[in-house]
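J.: this is a predicted model, with the sequence first.
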Amino acid sequence: GFDAATAFKEAERCLNCDVQTVFTAPACIECDACVDICPMDCITFTANGDEPDLRGRLKAPARNAEQDLYVSTPLATGLVMVKDEDVCLHCGLCAERCPTGAWDMQKYLFMDTYAGEGARDRKTTRARRPRSGAAA
């Protein structure tokens, strides 16, 4: 178990719904530290391919085919980093472990306006997460 201070720190970061993992491909040295530390196995470095092929090569099988995968630009070795956002807990361990800062945790808020009566009224907007790969 954790001591009280460590337990408090760990509890603060669990399931951060307002935090998005951001990956910067040029900073990645492909050391696999993020892969090793990820408790959900949602990060995979592999050759690029079409989506069904990539889904078949994920470290953890993608259960939700409706959820987009995040696929990075090609890395120095020609591989790509593939992340299944449906599996990611946003715990931040990848960012903590990354020696180059290729992973970062960033807060965001996306406002989506509904059409219809009162659409310009601020009460008819809601915050929601952007789909993965939209801005990374």
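T.: Structure's in. What do you need?

J.: only C-alpha atoms from now on, for both contacts and neighbour counts.
T.: OK.

J.: what residues sit buried inside the one helix or strand Phe45 maps to?
T.: Here Phe45 sits within strand 43-46, counting by DSSP states H and E. Using 16 or more other C-alpha atoms under 10 Å as the test for burial, strand 43-46 gives 43-46.

J.: give me the mean pLDDT for it.
T.: For strand 43-46, mean pLDDT rounds to 96.

J.: give the contact list for Leu93.
T.: 34, 37-38 (C-alpha atoms under 8 Å, 6 or more residues apart in numbering).

J.: that older thread, what comes into contact with the helix or strand just after the strand holding Phe45?
T.: Where DSSP H and E defines the elements, the next helix or strand beyond strand 43-46 is helix 51-56. Contacting residues not belonging to helix 51-56 are listed as 48, 61-62, 82 [C-alpha under 8 Å, 6+ apart].

J.: quick one: which of those sit in strands?
T.: If you go by DSSP state E, those have Val82 in strands.

J.: top of the contacts of helix 51-56 by number of neighbours, please.
T.: Greatest neighbour count in the contacts of helix 51-56, by other C-alpha atoms under 10 Å, goes to Val82: 23 neighbours.

J.: let me have the buried residues of strand 43-46 in JSON lines, extended by distance to Arg57.
T.: Below are those laid out as JSON lines (distance: C-alpha to C-alpha, whole Å):
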{"residue": "Ile43", "distance to Arg57": "11"}
{"residue": "Thr44", "distance to Arg57": "8"}
{"residue": "Phe45", "distance to Arg57": "9"}
{"residue": "Thr46", "distance to Arg57": "8"}
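
J.: please list only the buried members of the contacts of Leu93.
T.: Listed as buried from those are 34, 37-38; burial here means 16+ other C-alpha under 10 Å.

J.: out of those residues, which are inside helices?
T.: Per DSSP state H, helices hold the following members of these: 34, 37.

J.: which of the buried ones among the contacts of Leu93 sits closest to Ala25?
T.: Nearest to Ala25 out of these is Cys34 (C-alpha to C-alpha; 13.0 Å).

J.: how about the nearest residue to that closest one, chain neighbours excluded?
T.: Cys94 (4.5 Å; C-alpha to C-alpha, 6 or more residues apart in numbering).

J.: residues touching the residue nearest the centre of the chain, list them.
T.: In the chain, the residue lying closest to the centroid (C-alpha atoms, centre = their mean) is Thr21, at 4.3 Å. Going by C-alpha under 8 Å, 6+ apart, Thr21 touches 90, 92, 95, 103-106.
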